[in-house]
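Q: Just the structure for this:
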Amino acid sequence: MPPAPVPSEIEPFLKKPRAAVVATITLGGSPVTTATWYEWSDGHLLLSMDADGRRIRNVRNDPRVALTVFGNDMYTHVSLLGKVVEIRDDPGFVDVDRLSMAYEGKPYEERDWHAVTVIAAVERWHSYGDPAL
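A: Sure thing, here's the model as predicted:
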């Protein structure tokens, strides 16, 4: 996998709201994947997590994350490896709502959970197919 930064011709692919899967490492050391929404900005990933959930426990214990972003099929994708560099509360659901607007076209409806925002700096990347198209 080449080191960051991700080439500029791939950035438009990553800036679109696309199906993605994030991988974290469990407290026992096993990888686990979860479908997720994400946002790409300046070499960083923004992810929203439940403060009481498994994913946030995983990244607090081990900051390594991987994200695979799919194109129209699994044969066109970009995979990103990085480390969490920031975890912050999102009490007003600002980040959650921005992600929901991008993916669903409306604010996130469920409001009875403690949202946190996770920022990961991308260190390595790989593409398959031609995500620049």
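
Q: in the chain, which spans are strands?
A: 20-25, 31-36, 39-41, 44-50, 64-70, 77-89, 115-128 (DSSP state E).

Q: I'd like these as JSON lines, with mean neighbour count, mean pLDDT and distance to residue 100 appended.
A: All C-beta spots, glycine's among them, are computed from the backbone N, C-alpha and C. Formatted as JSON lines, the strands of the chain follow (neighbours: other Cβ atoms under 10 Å; pLDDT from 0 to 100; distance: least, Cβ to Cβ, whole Å):
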{"stretch": "strand 20-25", "mean neighbour count": "21", "mean pLDDT": "97", "distance to residue 100": "15"}
{"stretch": "strand 31-36", "mean neighbour count": "13", "mean pLDDT": "96", "distance to residue 100": "12"}
{"stretch": "strand 39-41", "mean neighbour count": "18", "mean pLDDT": "96", "distance to residue 100": "11"}
{"stretch": "strand 44-50", "mean neighbour count": "21", "mean pLDDT": "97", "distance to residue 100": "9"}
{"stretch": "strand 64-70", "mean neighbour count": "20", "mean pLDDT": "98", "distance to residue 100": "18"}
{"stretch": "strand 77-89", "mean neighbour count": "17", "mean pLDDT": "98", "distance to residue 100": "17"}
{"stretch": "strand 115-128", "mean neighbour count": "19", "mean pLDDT": "97", "distance to residue 100": "11"}
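
Q: Compare those strands and give me the one nearest residue 6.
A: Closest approach to residue 6 among the strands of the chain (Cβ to Cβ): strand 115-128, 4.8 Å.

Q: Export the strands of the chain to JSON lines and append columns for distance to residue 97.
A: What follows is the strands of the chain, written out as JSON lines (distance: least, Cβ to Cβ, whole Å):
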{"stretch": "strand 20-25", "distance to residue 97": "18"}
{"stretch": "strand 31-36", "distance to residue 97": "16"}
{"stretch": "strand 39-41", "distance to residue 97": "12"}
{"stretch": "strand 44-50", "distance to residue 97": "10"}
{"stretch": "strand 64-70", "distance to residue 97": "21"}
{"stretch": "strand 77-89", "distance to residue 97": "14"}
{"stretch": "strand 115-128", "distance to residue 97": "10"}
